[in-house]
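J.: let me see the structure of the following:
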Amino acid sequence: QVQLVESGGDLVQPGGSLRLSCATSGFTLDAYAVGWFRQAPGKEREGIACISNYDRNPKYSDSVKGRFTISSDNAKNTVYLQMASLKPEDTAVYFCAATPNWVSRSYCLVYDYNYWGQGTQVTVSS
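T.: Predicted structure coming up:
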């Protein structure tokens, strides 16, 4: 069955960097759309970075564009989120998600994804 397990969340100072990993199993990574989402306390879950199964080009939300990079390693069945220049407003639980459904949007929409990991906490604070 499809499983996604996030890791790498931590407490980091503003301006710092962090890399999140999402270990996947039960499906072929390059046949699925995959993405990273986050949810801060009291806020809705938002899509921040995703790779569609339409063109495999990464998409980013405006809030992280230029600072975060999504990538995937098919040999390791792992999706990464490299985060740089972290800000306190990046504090959230970060989720990895996947779907076999055809996704062709130019942005990352929560409701397009039907498999989710349990999340990993990222806290940006001095």
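J.: what's near enough to touch the residue nearest the centre of the chain?
T.: The structure's the chain has its C-alpha centroid closest to Trp36; by C-alpha atoms, centre = their mean the separation is 1.6 Å. Going by C-beta atoms under 8 Å, 6 or more residues apart in numbering, Trp36 touches 20, 22, 47-50, 68, 70, 79, 81, 94-97, 108. (Glycine included, C-beta is placed from N, CA and C.)
J.: nearest to Thr123 among those residues?
T.: Distance to Thr123, by C-beta to C-beta, is smallest for Tyr94 among these, at 10.8 Å.
J.: quick one on the thing from earlier: which one of the contacts of Trp36 is nearest Asp62?
T.: Ile48 (9.6 Å).
J.: from Met83, how far out is that closest one?
T.: From Ile48 across to Met83, the span is 10 Å (C-beta to C-beta, to the nearest Å).
J.: give me the more crowded residue out of these two.
T.: Between Ile48 and Met83, Ile48 has the larger neighbour count (other C-beta atoms under 10 Å), namely 27 against 24.
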